[in-house]
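Visitor: can't give you the sequence, but here's the structure:
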């Protein structure tokens with residue numbers, strides 16, 4: 001039984017092939033989708049129509065492996081395989097480092113472990129963003145632990161340099177990412193530098209607050225490179241033992257307040273020929289027995305409240321008061 005062999009050859013299709021050659025091969029295979037799997041990073045899925053548009057935008061001679069850079073230039077947006085119905089039934093033309101082949105789009109949804117570059121195990125901390133997962137090499141794991149690998153790689157900023165705040169058992173750490181190539185970064189610990197920067201910012205705020213208070217009181221200040229001559233109002237400014245310059249502060253002089261003189265009161269001489277006052281003879285108080293209040297035969301009805309109060313206090317009055 002004779003089997004018709006395909007009229008196309010995929011052995012010459014590699015990441016170094018041009019996008020124009022990629023498009024011609026897609027037409028030869030009569031497929032509607034093309035996929036490039038880079039050495040590092042997510043698979044790039046595009047329709048045949050998108051590939052035609054890319055070639056038509058002066059990218060015909062660009063190599064397939066330059067597709068990540070073309071995406072960064074916003075020339076096109078790759079397809080999301082999750083938005084394609086029945087990916088397990090749709091074939092696509094794949095290109096990767098190991099060669100070209102045809103398989104279903106489901107492979108782009110569930111790819112194998114990404115291929116690490118040959119220098120991945122160098123004694124330099126590397127991080128790789130691949131298919132939504134962040135991978136660290138052994139050097140990075142020894143330096144930062146495995147906490148960074150729990151980050152969602154899809155949420156990382158799309159910039160060449162950025163800093164990630166990492167909370168852990170040893171406190172807060174700030175990890176700086178620098179893009180080395182698409183999907184792969186060098187990482188460094190910037191915790192000490194950022195802590196020093198925050199400390200400097202705080203002291204700068206203290207200095208500005210102090211200067212505003214000086215100005216509010218009518219004072220003046222001046223930044224100097226050398227100490228002023230003949231003045232004692234300057235201070236040397238140091239940071240971590242290094243001289244940064246001098247500041248001279250002058251406050252307005254306060255006027256001395258004059259206390260009012262005490263006025264001595266005038267001495268008044270006593271009038272003459274005034275006879276000496278005659279002091280009365282001391283009266284000897286005769287102790288009387290305490291009165292006993294008896295309420296009989298309706299006596300309380302004949303005594304008013306004022307009289308009752310006086311009686312209760314033990315005072316004596318003439319009998320006429322009670323008539």
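Guide: Good, I have the coordinates. Note that the coordinates shown come from a computational prediction; the quantities given were computed from them, not determined experimentally.
Visitor: Which neighbouring elements make contact with the lengthiest helix in the chain?
Guide: What stands out as the longest helix in the chain, according to DSSP state H, is helix 191-216. Under the contact definition 3 or more CB pairs under 8 Å, 6 or more residues apart in numbering; DSSP states H and E, helix 191-216 sits against strand 171-181, strand 220-224. C-beta coordinates here come from the backbone N, C-alpha and C atoms, glycine included.
Visitor: a markdown table please, covering those and showing mean pLDDT, distance to residue 65 and mean neighbour count.
Guide: A markdown table is the format used below for these (pLDDT from 0 to 100; distance: least, CB to CB, whole Å; neighbours: other CB atoms under 10 Å):
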| stretch | mean pLDDT | distance to residue 65 | mean neighbour count |
| --- | --- | --- | --- |
| strand 171-181 | 87 | 11 | 16 |
| strand 220-224 | 84 | 55 | 12 |
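Visitor: any chance of the ones you listed in JSON lines, with distance to residue 54 too?
Guide: Listed next are these as JSON lines, based on distance: least, CB to CB, whole Å:
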{"stretch": "strand 171-181", "distance to residue 54": "21"}
{"stretch": "strand 220-224", "distance to residue 54": "57"}
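Visitor: contacting residues for residue 17?
Guide: Going by CB atoms under 8 Å, 6 or more residues apart in numbering, residue 17 touches 63-64, 95.
Visitor: the domain parsing of this structure - what is it?
Guide: Listed by automatic domain parsing, the domain ranges of the chain are 19-109, 126-189, 193-238.
Visitor: Is it possible to get CSV of those domains that adds distance to residue 248?
Guide: Output for the domains of the chain, formatted as CSV (distance: least, CB to CB, whole Å):
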stretch, distance to residue 248
domain 19-109, 53
domain 126-189, 37
domain 193-238, 4
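Visitor: quick one: which of those is nearest residue 118?
Guide: Among these, domain 19-109 comes nearest to residue 118, with 9.9 Å by CB to CB.
Visitor: Distance from the chain centre to the closest one, please.
Guide: For domain 19-109, the separation from the chain centroid amounts to 41 Å (computed by CA atoms, centre = their mean, to the nearest Å).
Visitor: got it, and stretch 236-251?
Guide: 30 Å.
Visitor: List the buried residues in it.
Guide: 246-248 (16 or more other CB atoms under 10 Å).
Visitor: What about these, which are in helices?
Guide: Those of the buried residues of stretch 236-251 lying in helices (DSSP H): none at all.
Visitor: between these, which is nearest residue 89?
Guide: residue 247 (76.1 Å).
Visitor: element containing the residue most central in space within the chain?
Guide: Closest residue to the average C-alpha location of the chain: residue 165 at 9.9 Å, with CA atoms, centre = their mean. Element membership of residue 165 [criterion: DSSP states H and E] is strand 161-168.
Visitor: can you give me the angle that strand makes with strand 171-181?
Guide: 150 degrees (axes from the mean of the first three to the mean of the last three CA atoms, to 10 degrees).
Visitor: So what are the sheet partners of strand 161-168 and their directions?
Guide: strand 171-181 (antiparallel) (DSSP bridges).
Visitor: Name the next helix or strand following the strand it pairs with along the chain.
Guide: strand 184-189.
Visitor: nearest spatial neighbour of the residue nearest to the centre of the chain, skipping sequence neighbours?
Guide: residue 174 (5.9 Å; CB to CB, 6 or more residues apart in numbering).
Visitor: For the protein, just list every one of the helices.
Guide: Using DSSP H, helices in the chain cover 19-29, 48-54, 67-72, 106-109, 138-144, 191-216, 299-302, 305-312.
Visitor: Take these and lay them out in a markdown table including mean neighbour count, mean pLDDT and distance to residue 82.
Guide: Listed next are the helices of the chain as a markdown table, based on neighbours: other CB atoms under 10 Å; pLDDT from 0 to 100; distance: least, CB to CB, whole Å:
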| stretch | mean neighbour count | mean pLDDT | distance to residue 82 |
| --- | --- | --- | --- |
| helix 19-29 | 18 | 94 | 22 |
| helix 48-54 | 16 | 94 | 17 |
| helix 67-72 | 17 | 91 | 18 |
| helix 106-109 | 18 | 76 | 7 |
| helix 138-144 | 16 | 90 | 30 |
| helix 191-216 | 11 | 84 | 37 |
| helix 299-302 | 10 | 42 | 107 |
| helix 305-312 | 12 | 43 | 101 |
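Visitor: quick one, which of those helices is nearest to residue 183?
Guide: That would be helix 67-72 among the helices of the chain, by CB to CB, at 7.4 Å.
Visitor: average pLDDT for stretch 231-248?
Guide: Per-region confidence: stretch 231-248 scores 82 on mean pLDDT.
Visitor: start to end distance for that stretch?
Guide: 9 Å (CA to CA, to the nearest Å).
Visitor: mind checking how far it is from the chain centre?
Guide: On CA atoms, centre = their mean, the centre of stretch 231-248 falls 31 Å from the chain's centre.
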